[in-house]
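> quick check, what structure comes out for this input:
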Amino acid sequence: MNEKQVSTDRLGAFSDAVIAVIITVMVLELKPPDGSALADLLPLWPTAISYAASYLFIAVIWVNHHHLLHLVRQPTPRLIWLNFAHLFAVSLLPFATAWVARSHMAAAPVVVYAVIFLLIDLAYLAFERAVLQQADQTVISPRARTLAQRRTLLAVLVFAAGAAIAPFIPLAGFATVCCALLLYLKPEMFSRHTKQANS
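The predicted structure follows:
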């Protein structure tokens with residue numbers, strides 16, 4: 001195994017470990033109701049929804065991050081620090097998720113939730129651009145590069161819209177943030193357009 005492979009593997013292993021810790025911290029915030037009846041679970045609906053949304057987002061973040069790392073030829077210092085910035089933004093999710101749940105999706109917590117996702121996506125955009133700049137032209141087509149960056153920019157706009165809506169209609173702001181998830185459900189777009197470029 002050469003130095004490049006070891007460095008890329010270490011970058012991926014560290015990111016995996018951080019994401020696993022973030023999920024663990026988020027799980028620890030789940031508290032059972034005081035009562036013993038099923039009806040006692042109903043007041044916990046904000047907890048269930050915010051946890052499910054955040055967990056799914058983290059899963060999507062991990063899958064897309066994994067696909068991007070396949071394109072890394074050399075983890076440069078800039079790329080490593082951008083990865084740290086991205087992980088820092090993701091590490092704020094347990095705090096925002098817990099606040100949204102405890103406040104029953106009040107306006108301010110949902111705004112913070114949306115802003116954190118905006119920061120995550122901005123950091124991801126910078127990380128994605130750094131990876132695509134060094135990716136081999138024979139591995140990913142120019143069209144795939146353009147589509148990937150347009151997708152991330154569109155997600156930035158969706159998260160910003162969620163933050164703008166949340167002060168007035170918190171549930172609509174939260175739903176808008178969740179809509180951005182749909183943009184990242186197919187990270188394999190890289191391989192699909194690569195095959196088209198090589199065929």
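> and the residue nearest the centre of the chain?
In the chain, the residue lying closest to the centroid (C-alpha atoms, centre = their mean) is residue 61, at 3.7 Å.
> got the contact list for that one?
Residue 61 makes contact with 19, 90, 120, 124, 184, according to C-beta atoms under 8 Å, 6 or more residues apart in numbering. C-beta: built from backbone N, CA, C; applies to glycine.
> centre of the chain to the helix or strand containing it, how far?
Using DSSP states H and E, residue 61 maps to helix 45-69. Distance, stretch centre to chain centre, for helix 45-69: 6 Å (C-alpha atoms, centre = their mean, to the nearest Å).
> now stretch 41-56
Distance, stretch centre to chain centre, for stretch 41-56: 17 Å (C-alpha atoms, centre = their mean).
> avg pLDDT for that stretch?
For stretch 41-56, the mean pLDDT works out to 92.
> how about stretch 137-144, which residues are buried there?
The neighbour-count check on stretch 137-144 (16 or more other C-beta atoms under 10 Å) flags 140, 141, 144 as buried.
> quote the end-to-end distance of it.
10 Å (C-alpha to C-alpha, to the nearest Å).
> this structure: helices as residue ranges?
3-28, 45-69, 77-91, 93-102, 107-134, 142-165, 170-179, 189-198 (DSSP state H).
> out of the ones you listed, which is closest to residue 35?
For residue 35, the closest of the helices of the chain is helix 45-69, at 14.9 Å, according to C-beta to C-beta.
> in the closest one, what's buried?
Using 16+ other C-beta under 10 Å as the test for burial, helix 45-69 gives 46-47, 49-51, 53-54, 57-58, 60-62, 64-65, 67-69.
> stretch 163-171 now?
In terms of neighbour count (16+ other C-beta under 10 Å), stretch 163-171 has its buried residues at 163, 165, 166, 170.
> surely the third one meets residue 114?
What it means is residue 166. Yes. Contact criterion C-beta atoms under 8 Å: residue 166 and residue 114 qualify, at 5.6 Å.
> please report phi then psi for residue 106.
With angles defined as degrees, to the nearest 10, residue 106 sits at phi -70, psi 170.
> mind listing what it touches?
Residue 106 neighbours (C-beta under 8 Å, 6+ apart): residue 170.
> now swap in the one 4 residues further on and tell me
Residue 110 makes contacts with 100, 162, 166, 170, 171, 173, 174, 177, as judged by C-beta under 8 Å, 6+ apart.
> which of those lies closest to residue 135?
Closest approach between the contacts of residue 110 and residue 135, by C-beta to C-beta: residue 177, at 29.1 Å.
> does that closest one touch residue 114 like I think?
Yes. Using C-beta under 8 Å, residue 177 makes contact with residue 114 at a distance of 5.0 Å.
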